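this one's structure only:
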């Protein structure tokens, strides 16, 4: 993304905050950079092998779209928030995975025998 698309992303983000922008066009202009951010996060993750770059980008984008009321300052702010959202997705997945290892959600039943 060089030159004019930078300004267009900022303009679209402003319109998006007001509920007036085309989310599809915004995704077109930001997708390559979002993939770079996601790939960087996944390279640092030991246990994220089941998650692909595209999956992380799409999940993050869905969360970002839900934050339509966010007042985006510019494209840099958008990418900072996107990186944070991606990191949170990976943290949530790790917590969920490790919760299962600690018996997460398993109901323990006592034998009823007094010792």
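Structure received. Small disclaimer: the values here were computed from a predicted structure and weren't measured.

list the buried residues of the longest helix belonging to the chain.
Of all the segments of type helix in the chain, defined by DSSP state H, the longest one is helix 75-101. Using 16 or more other C-beta atoms under 10 Å as the test for burial, helix 75-101 gives 75, 78-79, 81-83, 85-86, 89-90, 93. Bear in mind the C-beta positions are built from the backbone N, C-alpha and C, glycine included.

pLDDT and distance to residue 56 added to those residues, as TSV?
Formatted as TSV, the buried residues of helix 75-101 follow (pLDDT from 0 to 100; distance: C-beta to C-beta, whole Å):
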residue	pLDDT	distance to residue 56
75	89	19
78	90	16
79	93	14
81	92	15
82	94	10
83	96	11
85	95	10
86	95	6
89	93	6
90	91	8
93	87	10
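
for residue 18, grab the count of nearby residues.
10 (other C-beta atoms under 10 Å).

how much space separates it from residue 90?
Residue 18 sits 31 Å away from residue 90, taking C-beta to C-beta, to the nearest Å as the criterion.

can you check residue 52 too?
13 Å.

and the buried residues of helix 75-101, which is closest to residue 34?
Among the buried residues of helix 75-101, residue 82 lies closest to residue 34 (C-beta to C-beta), at 5.9 Å.

what does the helix or strand harbouring residue 35 contact?
Take DSSP states H and E as the rule and residue 35 turns out to sit in helix 23-44. Outside helix 23-44, the residues that touch it by C-beta atoms under 8 Å, 6 or more residues apart in numbering are 1, 5, 8-9, 12-13, 16, 48, 51, 53-54, 56-57, 60-61, 65, 75, 78-79, 82-83, 86-87, 90.

how far is it from where the chain is centred?
10 Å (C-alpha atoms, centre = their mean, to the nearest Å).

cool, and stretch 36-52?
12 Å.

in stretch 32-44, which residues are buried?
33-34, 37-38, 41-42.

the inter-axis angle of the longest helix of the chain versus helix 23-44?
Helix 75-101 runs at 50 degrees relative to helix 23-44, counting by axes from the mean of the first three to the mean of the last three C-alpha atoms, to 10 degrees.

give me the element the residue nearest to the spatial centre of the chain is part of.
In the chain, the residue lying closest to the centroid (C-alpha atoms, centre = their mean) is residue 60, at 2.5 Å. Take DSSP H and E as the rule and residue 60 turns out to sit in helix 53-66.
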